[in-house]
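Asker: Below are the sequence and a predicted model for it; my questions follow.
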Amino acid sequence: MLEVSNLNKFYGKNHAVNDLNFTVASGEILCLLGANGAGKTTTLNMLLGFIKPDSGSAILDGLDMYYQRSACREQMMYIPENVHLYPSFTAIENIAYLAELAKMRVSDGEIKDVLIRTGITENQLDRKVGSFSKGMRQKVAIAFALLKHAKLVLMDEPTSGLDPVATQEFIDVVNTIKERGTAVLIVTHDLLCAHQLSDHIGIMSQGQLKQFIKNEQLTLPDLTEHYFNQFSA
C-alpha cells in the first residue's frame, strides 16, 4: 500500500533522512521508533507533503505522493499528537462538517455507527467535544478515517499523555482500522505500545533506518535491547 524508496532530506550539511526504504502493506501496522533527531518527524512531514524530499519517492497504492498529491490526500488520514476538533460541536457534528469539506455524502446514522465502533458511547454522542479527553478525540478522528475508507493512516506520538487504560483502548481502536485493510504508520517513542500493536518495527537513528524487524519475532526485552543498542553503535 505504501512504498518508500531511497528517500533523502538535507538541512544544510545535516542529512536528516538518509536513503530511507520501507513498505507498509494493506492491513499492516508499522511503528517507527527513534530518539529525538532520528529523522522520524522529518519522514512523516515528507509523507504528509509538509516538506519536500531532496530525492527518492513515496508511492501510495500506485499514486506518487509528491506528484499526485491531491489524489493521495483523498486516500489518507493524518492523526496528530493532539487532535484538534471544533469544541462547541458534538462528535457527530464534527465528522459531518469534515465530511462536507471532503465532499463525502454520509448520513448521521453512518457517522453514529463508526463512532460507536471506535468506542464513543451513546451518552457521549451528544456531548460537546470540548469536554473530551485526548483519547476520546483520537477516537473521533479514527472514526472519520473509517468513514473515509482511508487506505493509509499516519499517526504522530498517539499515546503521549494517555494513561494505561486509554492506551489499551487506543490499541483496540487502531486494530479496528487495521482489520479494514488500512495501512497504518505510527511515529512513536512508546516501546510498549509499539510491541503490543505493530506488525513491523523500524528503528531510526541519525536519519537512517537501522533495523526493520518483524514484531512477532520479538519479546519486549528484545525490542528494548535493539532500541538502546542504536545509541551505543
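Answerer: Yes, it's here.

Asker: all helices for the chain, in order.
Answerer: With DSSP state H as the criterion, the chain has helices at 40-48, 69-73, 91-101, 108-117, 134-148, 164-179, 191-197, 220-232.

Asker: Can you spell out which helices and strands pack onto the lowest-mean-pLDDT helix or strand in the chain?
Answerer: Of the helices and strands making up the chain, the lowest-confidence element is helix 220-232, at a mean of 78, by mean pLDDT, DSSP states H and E. On a contact count with 3 or more CB pairs under 8 Å, 6 or more residues apart in numbering; DSSP states H and E, helix 220-232 meets helix 191-197, strand 200-205, strand 208-214. Where C-beta positions appear, they are placed from N, C-alpha and C, glycine not excepted.

Asker: What average pLDDT does the first one get?
Answerer: Meaning helix 191-197. For helix 191-197, mean pLDDT rounds to 89.

Asker: What lies in contact with that helix?
Answerer: Outside helix 191-197, the residues that touch it by CB atoms under 8 Å, 6 or more residues apart in numbering are 29, 31, 33, 159, 167, 170-171, 174-175, 186, 188, 201, 215, 218, 220, 223-224, 227.

Asker: switch the cut-off to 6 Å
Answerer: Around helix 191-197, the neighbours that count as contacts under CB atoms under 6 Å, 6 or more residues apart in numbering are I29, C31, L33, T159, I171, T188, I201, L220, L223.

Asker: Name the nearest residue to T41, sequence neighbours excluded.
Answerer: Distances taken as CB to CB, 6 or more residues apart in numbering put V187 closest to T41, at 6.6 Å, once the chain neighbours are dropped.

Asker: In contact with the one you found, which residues are there?
Answerer: V187 sits next to L32, K40, L44, D156 when contact means CB under 6 Å, 6+ apart.

Asker: Find the nearest non-adjacent residue to the second one, please.
Answerer: The one in question is K40. Distances taken as CB to CB, 6+ apart place V187 nearest to K40, at 4.6 Å, with adjacent residues excluded.

Asker: Specify the beta-bridge partners of the one you found.
Answerer: When bridges are called by DSSP bridges, V187 pairs up with L32, D156.

Asker: which residues of the chain score low on pLDDT?
Answerer: 231-233 (pLDDT under 70).

Asker: for Y11, which residues make a bridge with it?
Answerer: Here Y11, judged by DSSP bridges, has bridge partners N14.

Asker: related to what we said a few turns ago, would you check how far apart the residue nearest to T41 and E100 are?
Answerer: Going from V187 to E100 by CB to CB, to the nearest Å gives 29 Å.

Asker: Over to K112?
Answerer: 16 Å.

Asker: again with T176
Answerer: In terms of CB to CB, T176 sits 24 Å off from E100.

Asker: and those two? which has more neighbours close in?
Answerer: More neighbours surround T176 than the other of T176 and E100, with 18 against 11 (other CB atoms under 10 Å).

Asker: Distance check, the more buried one against H149.
Answerer: Taking CB to CB, one finds T176 at 13 Å from H149.

Asker: again, but for K214
Answerer: According to CB to CB, K214 and H149 sit 27 Å apart.

Asker: for N45, same thing?
Answerer: 24 Å.

Asker: Of the two, give the one with the bigger neighbour count.
Answerer: Legend: neighbour count by other CB under 10 Å for N45 and H149, higher for N45 (17 against 13).

Asker: Is there a neighbour count for the nearest residue to the more buried one once chain neighbours are set aside? I'd like the number.
Answerer: Closest residue in space to N45, ignoring its immediate chain neighbours: I51 at 4.8 Å, by CB to CB, 6+ apart. When neighbours are defined as other CB under 10 Å, I51 has 17 of them.
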